[in-house]
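My questions are about this predicted structure, shown below with the sequence.
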Amino acid sequence: MKRKRFFYVAGFLVAMFLAVILALYPELERRWERREMEALLLQMEREDLPVRFVFPKAVSENALTEKNAMPEPAEKEKKAVIEGDAIGILVIPRIEARLPVTAGVSEEQLKISEGWVLQTDPVGDPGNAVIAGHRSHTWGRHFNRLGELEEGDNIYFDPVDGERIQFTVHEILTVEPDDPAVFANPGEGVAQLTLYTCTPMETSARRLVIRALRTDE
């Protein structure tokens, strides 16, 4: 009888331990991601380069970049960066955001940085540079406050190998996930920065798109 009671108690304690671990896991994962993001920012601010990551799912798709929504690779000179490179810091004063940006949009990358879509133009060049990001449920992280931006707000991009570039928001859209408007070019000779993320955060059924034009030239 005592032996049976011992196994009951032991089983109960093990179950309770596993329940606690499962309950804490999301918070532990968020803390790890925040620590990794802060470490990446620090490296980039110190110009401790090259900063390159080997992500286990470097070519995996995610909710932001469905295959039918992605443009075909452009027929132009090959970019100097490769997937996983740190390319710069995105600064958005309106929402007090300072976010690292890496080349590529794999799920693993978007946990700790925003991602520049490799098929689009380099940030600051004529054309459309697209940066995707998640909307974290932790206040102030990733693009969760992107919906607070208004037309006329400034956005800055600090490339790892150049001077700060300034953009000004000129259009805010909400579109379907497969809407090609995300990747539309702004017109010949115009440099546009497009930020996009899932919306609303609860269902991620659509996409919030922020278009900004370069205004420091």
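Alright, I've got the coordinates.

and the gap between Val81 and Ala205?
According to C-beta to C-beta, to the nearest Å, Val81 and Ala205 sit 32 Å apart. Using the backbone N, CA and C atoms, a C-beta is placed for each residue, glycine as well.

More neighbours: the two, which one.
Each of Val81 and Ala205 has its neighbours counted (other C-beta atoms under 10 Å); Val81 has more, 19 against 10.

give me every residue that touches Gly162.
Gly124 (C-beta atoms under 8 Å, 6 or more residues apart in numbering).

from here on, count from 58
Happy to do that; since the first residue is 58 now, the last one works out to Gly219.

Point out where this protein drops to low pLDDT.
58-90, 94, 102-137, 193-197 (pLDDT under 70).

roughly how far apart are Tyr213 and Ile152?
13 Å.

Give me the secondary structure label for Cys159.
Careful, residue 159 is Thr and not Cys. Under DSSP: H, G, I helix; E, B strand; the rest coil, Thr159 falls in the strand class.

May I have the beta-bridge partners of it?
Ala143, Gly172 (DSSP bridges).

ok, Ala262 - contacts?
Contacts of Ala262 (C-beta under 8 Å, 6+ apart): 234, 255-256.

Closest to Leu167 out of these?
Distance to Leu167, by C-beta to C-beta, is smallest for Cys255 among the contacts of Ala262, at 10.8 Å.
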